[in-house]
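Undergrad: fold the following for me, if possible:
(chains A and B)
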Amino acid sequence: MYGFEALTFNIHGGYLEAIVRGHRSGLLTASDYNNLCQCETLDDIKMHLSATEYGPYLQNEPSPLHTTTVVEKCTLKLVDEYKHMLCQATEPLSTFLEYITYGYMIDNVVLIVTGTLHERDVQELLEKCHPLGMFDSIATLAVAQNMRELYRLVLVDTPLAPYFSECITSEDLDDMNIEIMRNTLYKAYLEDFYNFCQKLGGATSEIMSDLLAFEADRRAVNITINSIGTELTRDDRRKLYSNFGLLYPYGHEELAISEDIDQVRAVMEKYPPYQSIFAKISYGESQMLDKAFYEEEVKRLCLAFEQQFHYAVFFAYMRLREQEIRNLMWISECVAQNQKSRIHDSVVFIF
Amino acid sequence: MKLFEDLPPMDHLRSEDMSLVQIIIPVESAHRAVSYLGELGLLQLKDLNEEKSPFQRTFVNQVKRCGEMSRKLRFFGDQISKAGITASPCPASQQVIDLEELEVRLSEHEAELLEMNANNEKLQQTYNELLEFKLVLLKAGGFLVAAQNHAVPAETELVESKYSKKDDESLFLLEQSVQPESSSKAGLRFISGIICKSKELTFERMLFRATRGNMFFNQAPAGEQVMDPVSGEMVEKTVFVVFFSGEQAKNKILKICQAFGASCYPVPEENSKQMQLTREVSLRLSELEATLDAGNRHRNKALASIASQQWNWTIMVKKEKGVYDTLNMLNFDVTKKCLVGEGWCPTFAKPQIKEVLEHATIHSNSQVGIIFHDMDSFESPPTYFRTNRFTHAFQEIVDAYGVARYKEANPAVYSVITFPFLFAVMFGDWGHGLCLLLGSLILILREKKLGSQKLGSFMEMAFGGRYVVLLMALFSIYCGLIYNEFFSVPFHIFGKSAYKCLESSCSDAHTAGLIKYRDPYPFGVDPRWRGSRSELPFLNSIKMKMSILLGVSQMNLGIILSYFDAKFHGSFLDIRYQFMPQMIFLNSLFGYLALLIVIKWCTGSQADLYHVMIYMFLDPTGDLGENQLFWGQKELQILLLLMAIIAVPWMLFPKPFILRKLHTERFQGRTYGILGTSEMDLDQDPDSARRQHHEDFNFSEVFVHQMIHSIEFVLGAVSNTASYLRLWALSLAHSELSTVFYEKLLLLAWGYDSVIVRIAGLAVFAFATAFILLMMETLSAFLHALRLHWVEFMGKFYHGDGYKFKPFSFKLLADEED
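TA: Take a look at the predicted model:
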């Protein structure tokens, strides 16, 4: 129904779109952040947050708060909202919403596998997992010794199974392998999500392909930067890039042969949308790159709300809320460790 | 107009006089003063620190402490409700404790509770483990016995034929029969344990995959429910036994068990050892149970003692938090020794507040008194009506539309009677009225009891409006007597009917009609008319005309109230150019119609009023013919029509032009604004509420506004009058509906000779009456009466753009929910 979403969208999606827009208006505002930045203790933060939508989630926490509690409760709110929306959703929105969680699933799988490799306690690892990426047999991941077993034992039941087709090897797991696995999975996931959105058509595909392309490009840059100086070959590196996005295919060729950050920069500056990001960063620096990318992402996510009758708002909302939780974590951490001057280093404002 | 001026002052019509006051409280007596003010509950303090975020305010620490205490209290509440204790609060035993002591006590209680919970949890965990072990022993022992019995030749096999159908079983059996030894020697080992029923399926599948099918899984429901330590709920569990061979498989299986949260327990193979273990476990279980019970009793006792005090404590913490929240709204003065607050209070309450503040000074041994004085304000004060439990509901009905402007005429005063009356016109049936009366009387008589407890949302609504329902019921009985309706059955209450049938058999009453043979029935509708040919035409005619009469009078009342408002505020412009033309317009058209109706009723004329009204516009000079009701009617009609036509421009044009003239006169020759005197500037505190506002005069805006207003009134006069016809429509619908239920349900069922059919008919009739007529119809008539008040009546004069007086009051705080 390309171009006719306005006619039929509200039959199934109208209620949830209203809900998600309502949730979006509950995001913390500039004045909230201003006040939060002035807090002296975590209790002040709790007190301030109790006036926002986080109130009911924090009010029953006993007083010596920890940063982890704050983050945990705020995440819980996001999870509750997500679950509520998922319950109400019909096809294809429900599939779309489920797609959003696959990214968290991949992270959780990697977390547990890495954890077991370093002989951590499974329960402890489970607590660290993102609640949105949980699946039934996640704890069993600890049993697996290599990729093949990982797939055959556990992941075959999960939606991640198809993404595994490229990384089934009998090699034993090690840090490098796992990192490659994460990126391969993520690549497959992004491509699958991208295709799914293309199939949905209309404004959804238009906006989502923009957002996902940005995500893919960001990953490509990060992979490149992180793999500089490791034993990852150029061909292997090339394989980890997603097969879409602004950089595909010529940018990928150039990124694959980049050997330092300034070469990456030279590649990226050929693409006008990314020029502004790199313009903010001085030569040779890669620390601030994350923040610059986050800022750009938030800008794009906020723009998704400018259009109506599409599913990208759900994706955008989840991402924005996640960014907000990251901000809260950073602020709480800074406040807890008396590093208030550094608050502005990493907070990305959402407006 | 003279008549109106001689009336006594109508205090109830206007909201209370309010004054803006300033209080300056020395810091040492601030807390006491504010809590006394809270007890009094007649002062609304303004937030003078709006630009400050909550944790930058002065008393933030105290507020935090109160928050912490209320969190503890909520925790107790949770624990109490989980333990299922319902202790009644005993306000009598309330001893006065101060906040510090309460804080200490609360933390003591919390620590005690937490410790008890921790101990309890540990015990519960051990208990659970033992219980699970016992279940595993019982069930898994059964499997093992069964498995061993297979080794014994075939006669027992049939009895335990559980496995015999499986393909691999025959192989297994063959092997066993060759080597009749115990299973462990055959290289076969087993792990037994217990797992949640919901996880069992995936668990089995995982085991199968991990061992590549080289295992044998056996399971049975545990039979008993085991408490889940995390959620505290009872969960169904399944006992399983896995047979496998090899060390590697064992490791894998153990890991999987761990991952699935399955607990494994070793079960000895020999029967005798099993028995022994079971006995031991049972013994320890019963011991533990006793300990657990004792612990629980102890905990419940502690909780019960908390529960008896919890309510008092909650109230106290709420009050304390309210006091500090209020203190946070005050400003420090320059010397930092006094708190300065501004707020609104009713003028009559000033002496009370002064007295209370003096008490506070004395009780807190303060050297300096509290200063309390008036300020002048440019802001519109809040609206405060003193209500009692009778008028409260009516005031709420009006406030739901909009809170009255300060000193605006309060329609609630008239609604007390007009609202239930208009309801009753639509709901006229004295049988239904009696039911409503009964209901409202029950609510009123049990007022004390119901008022103190929590009600459901529906009951809450009914209870809040109990006096409204009472009046509605009384008026329904009155109107029902006039309509002569009792569940649609006519009654001869006021004497004999004036009519009789043409023949004695009375077979043609519905077709031929009745003849009158004596004086009219003294009150209301003649019962004989029920079901006769002329019933509907007659009732329709009377109800329709009555609706118009009621409507015209209520709308006139609304316009007259606008006169009182204009006079009160000294706005003679509004009287001359709004009230007067409105009055003339409405009454020359619809007032005249009302007059015609009354004349027609009095004279018994056959004139067609539709015709009169329509031709009054179409052909004012034409001959009325047989429709003439009185002498000079034609001339009067022409006069009225002319007046109505003149009234429209009268409403529309003069007011905006006069306003413009006044404005230009006021600012004649003043190109520059007035300089404020230096005194005024000094007086002007930046924080103060006394902000001046300038009025910009925009002619086009005023004119458009006036135009909208006039058009709305002119069109509204027609549509509002028509809107009152809903009185007729709903009344008709109500009586027809009750007739249907009575005749088509009750009488039909009564026609059968069977008791069952009669009872069924009666039951259906009762349900239909209760739910459709008493509940749905009440609701719909209520809503229509509401609309008539909000739109047709209040639209004529009511602005409703004020804001409510919200004093800082402990009583309101206590009612508030979290």
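Undergrad: show me the shaky parts of the chain.
TA: Assuming you mean chain A. In the predicted model, chain A carries pLDDT under 70 at residues A:1-3, A:168-170, A:172, A:283-286, A:351.
Undergrad: could you do chain B instead?
TA: Within chain B, the set of residues satisfying pLDDT under 70 comprises B:1-10, B:87-96, B:146-187, B:229-232, B:504-513, B:668-696, B:816-818.
Undergrad: quick check, the residue in it closest to chain A?
TA: Taking C-beta to the nearest C-beta, chain A has its nearest neighbour within chain B at B:Ala259, 3.5 Å off. C-beta: built from backbone N, CA, C; applies to glycine.
Undergrad: pick out the residue in chain A sitting closest to chain B.
TA: Using C-beta to the nearest C-beta, the point where chain A gets nearest to chain B is A:Ala139, with a distance of 3.5 Å.
Undergrad: what distance do you get for the closest residue to that residue other than its chain neighbours to A:Asp174?
TA: Of all residues beyond its chain neighbours, the one nearest A:Ala139 is B:Ala259 (3.5 Å), with distances taken as C-beta to C-beta, 6 or more residues apart in numbering or on different chains. Using C-beta to C-beta, to the nearest Å, we find B:Ala259 at a distance of 22 Å from A:Asp174.
Undergrad: which one's more surrounded, those two?
TA: B:Ala259 (22 against 11; other C-beta atoms under 10 Å in any protein chain shown).
Undergrad: strand partners (parallel or antiparallel) of the lengthiest strand in chain B?
TA: In terms of residue count, the longest strand belonging to chain B (DSSP state E) is strand B:215-227. In its sheet, strand B:215-227 lies beside strand B:234-244 (antiparallel), with partners assigned from DSSP bridges.
Undergrad: buried residues in the strand it pairs with?
TA: Applying a neighbour-count criterion of 16 or more other C-beta atoms under 10 Å in any protein chain shown, the buried positions in strand B:234-244 are B:Lys237, B:Thr238, B:Val239, B:Phe240, B:Val241, B:Val242, B:Phe243, B:Phe244.
Undergrad: of those residues, which is the nearest to B:Pro620?
TA: Here the nearest of the buried residues of strand B:234-244 to B:Pro620, counting by C-beta to C-beta, is B:Lys237; it sits at 93.0 Å.
Undergrad: residues contacting the closest one?
TA: If you count contacts by C-beta atoms under 8 Å, 6 or more residues apart in numbering or on different chains, B:Lys237 has them with B:Glu132, B:Leu135, B:Ile194, B:Ile195, B:Cys196, B:Lys197, B:Pro221, B:Ala222, B:Glu224, B:Gln225, B:Val226.
Undergrad: just B:Ser282 next, same as before
TA: B:Ser282 sits next to B:Lys134 when contact means C-beta under 8 Å, 6+ apart.
Undergrad: coming back round to it: list the contacts of the longest strand of chain B.
TA: Around strand B:215-227, the neighbours that count as contacts under C-beta under 8 Å, 6+ apart are B:124, B:128, B:131-132, B:135, B:139, B:142-143, B:194, B:197, B:200, B:204, B:207-208, B:233-244, B:249, B:253.
Undergrad: wait, the residue nearest to A:Ala139 sits on A:Asp136?
TA: No: with contact defined as C-beta atoms under 8 Å, B:Ala259 does not count as touching A:Asp136 (10.7 Å).
Undergrad: what about residue 233, how many neighbours?
TA: I'll assume chain A. Per other C-beta under 10 Å, the neighbour tally for A:Thr233 reads 11.
Undergrad: I was thinking of chain B, sorry if that wasn't clear
TA: Residues near B:Glu233, counting by other C-beta under 10 Å, number 8.
Undergrad: stretch A:96-110 close to chain B?
TA: No: no part of stretch A:96-110 sits close enough to chain B to count as contact by C-beta under 8 Å from any C-beta of the partner chain; the gap is at least 13.6 Å.
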